[in-house]
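Asks: Please find the sequence and the predicted model below.
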Amino acid sequence: MIRQCRTDELTNHELARIRELLWAAFADDEHGAFEEDDWDHALGGTHFLAEVKGEIVCHASVVERTIEVSAQPMRTGYVEAVATDPAQQRRRYGTAVMRAVNEWIGARFELGMLGTGSQAFYERLGWRVWQGPSSVRTADGAQRTPEEDGYIMYLRTPTTPPGVDDTSPISCEWRTGDVW
């Protein structure tokens with residue numbers, strides 16, 4: 001069963017379990033460990049939890065961000081902190097959580113986005129790699145983020161404008177830690 005709730009609806013015990021799960025799942029990740037900024041990015045939105053016998057075994061969150069495609073602002077459901085407890089991996093919990101995430105994003109946002117080094121997992125769920133150049137919007141103007149190119153994925157929704165072209169430039173707002 002997948003449970004959905006806002007950050008303010010999670011108990012302290014649930015928040016602690018999610019933190020524990022995320023740090024364990026990314027401990028040996030070739031793309032980098034989970035850090036405090038990553039945790040902060042996962043909060044303030046909607047969480048999707050797979051539970052087994054009352055224990056959280058998989059997590060993803062969706063936060064609202066404004067992503068600009070060719071300088072056109074788009075209301076975007078940005079996916080953060082997707083992970084499965086290492087002892088529970090390969091049991092399709094991640095797939096179930098992401099299917100719920102996809103449905104939720106599709107009903108509420110113009111676009112879904114995420115940053116990952118695990119493209120194959122998301123591609124089989126309908127996500128595609130953004131082909132255009134990426135940037136971050138700062139007080140000093142847009143700054144290119146070429147190290148993110150090829151790692152940003154998107155999901156079209158029923159309200160994605162028909163002219164959105166994945167070879168167009170995209171930008172996100174600046175934030176601490178990984179901007180994408």
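Replies: Yep, that arrived. Residues are numbered from 1 along each chain as shown.

Asks: Test of understanding: give the bridge partners of the residue nearest the centre of the chain.
Replies: Compute the mean C-alpha point of the chain, and by Cα atoms, centre = their mean the closest residue is Val79, 1.8 Å away. Beta-bridge pairing for Val79 (DSSP bridges): Val62.

Asks: what's the distance between it and Arg99?
Replies: Distance check for Val79 against Arg99: by Cβ to Cβ, to the nearest Å, it reads 12 Å. Glycine gets a C-beta too; all of them are placed from N, C-alpha and C.

Asks: Could you pull up the residues touching the nearest residue to Ala60 once chain neighbours are set aside?
Replies: Taking Cβ to Cβ, 6 or more residues apart in numbering, and ignoring the residues beside it in sequence, Ala60 has Val82 as its nearest neighbour in space, at 4.3 Å. Under the criterion of Cβ atoms under 8 Å, 6 or more residues apart in numbering, the neighbours of Val82 are 59-60, 94, 97-98, 114, 116.

Asks: The closest residue to Gly115 other than its chain neighbours: neighbouring residues, count only.
Replies: Nearest non-adjacent residue to Gly115, counting by Cβ to Cβ, 6+ apart: Trp180, 4.2 Å away. Trp180 has 23 neighbouring residues, counting by other Cβ atoms under 10 Å.

Asks: One more: Thr176?
Replies: Using other Cβ under 10 Å, Thr176 is surrounded by 9 other residues.

Asks: okay but it is in contact with Asp38, surely?
Replies: No - contact between Thr176 and Asp38 fails when scored by Cβ atoms under 8 Å: they sit 10.3 Å apart.

Asks: follow-up on the earlier one: can you flag which of the contacts of Val82 belong to helices?
Replies: By the criterion of DSSP state H, membership of the contacts of Val82 in helices covers 94, 97-98.

Asks: Take those and write them to CSV, including distance to Thr167, pLDDT and neighbour count.
Replies: What follows is the ones in helices among the contacts of Val82, written out as CSV (distance: Cβ to Cβ, whole Å; pLDDT from 0 to 100; neighbours: other Cβ atoms under 10 Å):
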residue, distance to Thr167, pLDDT, neighbour count
Gly94, 29, 95, 24
Val97, 30, 98, 24
Met98, 25, 98, 24
